[in-house]
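Asks: Take a look and give me a structure for this.
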Amino acid sequence: IQNLDRIIGDPRDKYFYTLHFIKTADNSECTSEYIECRHRELRSDANQIAHAITRLQDLYPQCASRIRGIDAASNEIGCRPEVFGPIFRYLNNHIKMIEDKEEREYVPQLKITYHVGEDFLDIADGLRAIDEAINFLNMDCGDRLGHALALGVDVEEWYQSKNYRILIPQQDYLDNLVWVYSRLTEFGIQGMDSLKDYIQKKYEDFFYEIYGKHMDYEVIHRILKGAESEYHPRGMEMTLKNDRYHFNMGRYYDSWKLRGDDPELYSHGYFSWYADGSEETDAKVNMKFPKQFEIRRKPEIFLLMYYYHFNRDVRREGRKCIEVKVRKEYVKAVELLQKEMQRRVAKRGIGIETNPSSNVLIGTFKEYIKHPIFNFYNYHLTNDKEALDNCAQLSVSVNTDDQGIFATSLENEYALLASALENAVNQDGKALYKKTMIYEWID
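Replies: Sure thing, here's the model as predicted:
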């Protein structure tokens, strides 16, 4: 940092540093007798990096104050936001004060960028990943989503380009079905009863295939005995009135909410955590999501967390790819969920980093005018009150992504968007936008 600062020269305050964590796929085959959690190696590496960063903040606060953010980049398929949950929460909450004789300053809080929703096998999967990043990393106002294409692409057009068929691992498909069903309910979206009935049936089929047929009830009984012996002496209740286990969709969804926790807390089969007041220990549990802390001690829920992370058969079955024919009502549901997600991201004040050239060259749309940025923010591009009200008006920025790879500049990215708007025409061949509107939008 000091060497780069010398090269940059003045005005140094114009620049700051962001530290990148790199996503990698989980290649563990679960062949050893002891089963480790998903992405055990990546989690361990990220943990070491996080401690190096906090040591820098503690020992060299003036230097560390040049760092303003942390980011998780690279291919997101096969590496979900849950992997970085405890680490990002820990770094985000670690604030060091610089003691000075004349003034008291703080090392800036590390804000979060998470590259998500750019590469996905199903738009619902991309939206779920965005939801996971926001909730598992506790993202808030001033944090940023990188790309987030799933949040703004034309849903019907995307599925049509795939001929309404997707190829996806069984685990991801099951998770997507549960997420779509549960979010439709939570967001109060009406008129989806037929789709919900369909999802309920599919949930039962896929849950049995991935989880049900691999559940050993003698093992479950031993786990519950262990949980009982730990919880009761500490005055904690564990509610299981009989020997019947109801792994319904509601409990599965609750277990999904806990994936932002450190999976080692569930390695005994049940939730085991002791608060010691340290930042690192506190960060192992996601205190903000879900709001109901006690669901972690419900048997079906902690058992599902255990099987998700520590059962080799479940993980093997979940990796198997299937081809799915997408129903039209599913497409409609994803459209509605996308719009609702936009509103919720806007309400939180989370920004979207858009990269026009990168997205056009890599994404499924091949025209700049189809870039989601126009769906994210349309103020000045229209005077139609309904169109303005229907747009979430997200905070967006225009970026280059990687100047070297895409042979572009920031000026070029703005020019490409302006050109796309200037050349946009309606069915009669008339220009859709006036130059004054375009430049007001760009400003």
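
Asks: which regions of the protein sit below the pLDDT cut-off?
Replies: Along the chain, the parts satisfying pLDDT under 70 run over 28-34, 98-105, 234-244.

Asks: And the strands in it?
Replies: Chain-ordered strands for the chain, with DSSP state E as the definition, fall at 17-22, 67-73, 97-98, 105-106, 111-116, 144-147, 165-169, 321-325, 351-354, 396-398.

Asks: Export those to a markdown table and append columns for mean neighbour count and distance to Lys257.
Replies: (C-beta placed from N, C-alpha, C; glycine too.) What follows is those, written out as a markdown table (neighbours: other Cβ atoms under 10 Å; distance: least, Cβ to Cβ, whole Å):
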| stretch | mean neighbour count | distance to Lys257 |
| --- | --- | --- |
| strand 17-22 | 16 | 23 |
| strand 67-73 | 19 | 20 |
| strand 97-98 | 12 | 34 |
| strand 105-106 | 12 | 32 |
| strand 111-116 | 24 | 18 |
| strand 144-147 | 24 | 20 |
| strand 165-169 | 16 | 20 |
| strand 321-325 | 12 | 24 |
| strand 351-354 | 23 | 24 |
| strand 396-398 | 15 | 28 |
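
Asks: Adding distance to Arg43, write the ones you listed out as CSV.
Replies: Formatted as CSV, the strands of the chain follow (distance: least, Cβ to Cβ, whole Å):
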stretch, distance to Arg43
strand 17-22, 11
strand 67-73, 12
strand 97-98, 29
strand 105-106, 28
strand 111-116, 16
strand 144-147, 21
strand 165-169, 20
strand 321-325, 25
strand 351-354, 25
strand 396-398, 30
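
Asks: which one of those lies closest to Ile301?
Replies: With respect to Ile301, and counting by Cβ to Cβ, the nearest of those is strand 165-169 at 22.5 Å.

Asks: Identify the residues contacting the most centrally placed residue in the chain.
Replies: For the chain, the residue nearest the mean C-alpha position is Ala133 (2.5 Å; Cα atoms, centre = their mean). If a contact means Cβ atoms under 8 Å, 6 or more residues apart in numbering, then Ala133 has 81, 114, 116, 139, 145 as its contacts.

Asks: Out of those, which is nearest to Phe271?
Replies: Using Cβ to Cβ, Pro81 comes nearest to Phe271 of the contacts of Ala133, at 20.5 Å.

Asks: Against Ile295, how distant is that closest one?
Replies: Using Cβ to Cβ, to the nearest Å, Pro81 is found at 20 Å from Ile295.

Asks: Just want to know which of those two has more residues nearby.
Replies: Using other Cβ atoms under 10 Å, the more surrounded residue of Pro81 and Ile295 is Pro81, with 25 against 17.

Asks: you'd agree the more buried one is up against Phe136?
Replies: Yes - Pro81 is within contact range of Phe136, at 5.1 Å (criterion: Cβ atoms under 8 Å).

Asks: any shared contact partners between the two?
Replies: Residues within reach of Pro81 and of Phe136 at once, by Cβ under 8 Å, 6+ apart, are Gly260.

Asks: how about the helices in the stretch 301-443 of the chain?
Replies: Ranges of helices in the stretch 301-443 of the chain, per DSSP state H, counting those that start in this stretch, are 312-319, 328-348, 356-362, 373-376, 385-390, 403-406, 410-422, 435-442.

Asks: Quick one: residues contacting Asp402.
Replies: With contact taken as Cβ under 8 Å, 6+ apart, Asp402 is in contact with Ser358.

Asks: and with 10 Å instead?
Replies: By Cβ atoms under 10 Å, 6 or more residues apart in numbering, Asp402 lies in contact with 355, 357-358, 408.

Asks: could those residues go into TSV alongside neighbour count and distance to Tyr252?
Replies: Output for the contacts of Asp402, formatted as TSV (neighbours: other Cβ atoms under 10 Å; distance: Cβ to Cβ, whole Å):
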residue	neighbour count	distance to Tyr252
Asn355	26	35
Ser357	22	40
Ser358	19	36
Thr408	20	44
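
Asks: I'd like the contacts of Ala133 as JSON lines, with distance to Gln393 appended.
Replies: Below are the contacts of Ala133 laid out as JSON lines (distance: Cβ to Cβ, whole Å):
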{"residue": "Pro81", "distance to Gln393": "25"}
{"residue": "Tyr114", "distance to Gln393": "21"}
{"residue": "Val116", "distance to Gln393": "21"}
{"residue": "Met139", "distance to Gln393": "19"}
{"residue": "Leu145", "distance to Gln393": "15"}
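
Asks: which one of those residues sits closest to Met97?
Replies: Nearest to Met97 out of the contacts of Ala133 is Met139 (Cβ to Cβ; 24.1 Å).

Asks: Could you give the number of residues near the closest one?
Replies: Neighbour tally, Met139, other Cβ under 10 Å: 24.

Asks: Looks like His371 contacts Ile352 (just checking).
Replies: No - counting by Cβ atoms under 10 Å, Ile352 is not a contact partner of His371; they are 11.3 Å apart.

Asks: joint contacts of the two?
Replies: Shared contacts of His371 and Ile352, defined by Cβ under 10 Å, 6+ apart, are found at 149, 152.

Asks: what's the burial count for Phe374?
Replies: If you count neighbours by other Cβ under 10 Å, Phe374 ends up with 20.

Asks: what residues are up against the nearest residue to Leu42 once chain neighbours are set aside?
Replies: In space, Leu42 comes closest to Thr24 once its chain neighbours are excluded; the distance is 5.5 Å by Cβ to Cβ, 6 or more residues apart in numbering. The neighbours of Thr24, taking Cβ under 10 Å, 6+ apart as the test, are 39, 41-42, 45, 74-75, 78-79, 83.

Asks: now do Phe247
Replies: For Phe247, the contact set (Cβ under 10 Å, 6+ apart) comprises 203-204, 207-208, 211-212, 215, 255, 300-301, 303-304, 307.

Asks: separation between the residue nearest to Met97 when sequence neighbours are not counted and His94?
Replies: Closest residue to Met97 apart from its sequence neighbours, by Cβ to Cβ, 6+ apart: Tyr106 at 5.4 Å. Distance, Tyr106 to His94, using Cβ to Cβ: 11 Å.
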